[in-house]
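Chemist: coordinates for the following, if possible.
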Amino acid sequence: MDLGQFKTFRSEDGRRLTFWRDGRGPLLVLHPGGPGLATSAEFFDFCGFADHFTLIKFNPRGMGGSGRPTDKRAYSFGDYADDLEQLRIFLDVERFSLFGTSRGGAVSIAYSVAYPNRVDRLILCATRAGRFDTDEGERVKAIKVRSGEPWFPSAMQAYQRLSTNQWETEEDLSQLVIRSLPLAFGHFGGPLAATLEAGREAFSHPNGDLHRGEEIPEPRDRVSDLEHIRAPTLVFQGTEDPLVPKRHGEEIARRVRGARLVLLEGVGHSFPWVDGRDRMREEIVTFLSRI
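Modeler: Sure thing, here's the model as predicted:
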């Protein structure tokens, strides 16, 4: 598979930032999830879109070759949004369309609010605007629905260790993330198992700086920001997402003026562009082609 060209540039403060450039056509910037867990390799095959768009698969700070900030607390949504603005300046474009998944969606919200004249169209996937910890009971209940699967004991043990920061090295952290990932699919096995294997690189080099403290920076509720988004917005939400309950997607679509919500039936949190490929491809092509 052609992964495109690996590009690097320097931010204004001298940090190295990286991305993969692939395809041809209108520009679409892709921001992975995380935080500090996923690289742009998460988009190893993004709905086969290299035949429709120029894909800019961005590596956020501290991931995929992008340098870590000296300040180990410099991972706020605003910090990530500022890096996206540095990317825009490097690409020498006035505006671009932006796709963010999971926490990358929250970063995309922050960027759209901070730089409203720079976002042409906004696509949010499996995204929460509020605090993560408010869903813990609901999340555990959804995960335990999978308890009859043969892979469940190992995946659940890894998830519990992640939740309580029981790891020593970043290699340990990577292995726990990869072991726990089957829990995040709507269903797991067959083609999706192959997807996880192909996408393993995305989670192989996590940023431990983000997970050594008591909490990830800026856990505050960002729901109020949604009402300040002015870009046309498309929201994808898997109906079987155990990490981001469906109501989050519904709330985002309700609060962002004119947003369209697309529910992906049976799709979970991990790699929804694989599990829901045909529907996502159709919706995104239509959305980005609309004048």
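Chemist: nearest spatial neighbour of L37, chain-adjacent residues omitted?
Modeler: The shortest distance from L37 to any non-neighbouring residue, by Cβ to Cβ, 6 or more residues apart in numbering, is to P206 (5.0 Å). All C-beta atoms are positioned from the backbone trio N, CA, C, and that covers glycine.
Chemist: ok, L84 - contacts?
Modeler: L84 is in contact with 29, 31, 58, 98, 107-108, 111, 115, counting by Cβ atoms under 8 Å, 6 or more residues apart in numbering.
Chemist: what about it, helix or strand, and which?
Modeler: In the assignment (DSSP states H and E), L84 maps to helix 77-91.
Chemist: what is the mean pLDDT for that helix?
Modeler: Averaging pLDDT along helix 77-91 yields 96.
Chemist: can you check stretch 209-229 too?
Modeler: Here the average pLDDT along stretch 209-229 is 72.
Chemist: show the end-to-end separation of that stretch, please.
Modeler: 31 Å (Cα to Cα, to the nearest Å).
Chemist: how many neighbours does the residue lying closest to W151 once chain neighbours are set aside have?
Modeler: Leaving aside its chain neighbours, W151 sits nearest to P182 (5.2 Å; criterion: Cβ to Cβ, 6+ apart). Neighbourhood size, P182 [other Cβ atoms under 10 Å]: 24.
Chemist: just to revisit the earlier point, pull out the buried residues from the helix holding L84.
Modeler: Within helix 77-91, the residues scored as buried using 16 or more other Cβ atoms under 10 Å are 77-84, 86-88, 91.
Chemist: please name the nearest non-neighbouring residue to R68.
Modeler: G62 (4.1 Å).
Chemist: so how far is A231 from F99?
Modeler: Distance of F99 to A231, given as Cβ to Cβ, to the nearest Å: 12 Å.
Chemist: sorry, wrong one. I was asking about V262.
Modeler: In terms of Cβ to Cβ, V262 sits 17 Å off from A231.
Chemist: so which of these two has more stuff around it?
Modeler: Shown here are V262 and A231; by other Cβ under 10 Å, A231 has more neighbours (22 against 19).
Chemist: isn't there a strand covering the more buried one?
Modeler: No. Per DSSP: H, G, I helix; E, B strand; the rest coil, A231 lies outside any strand segment and is coil.
Chemist: right, I'll leave it there.
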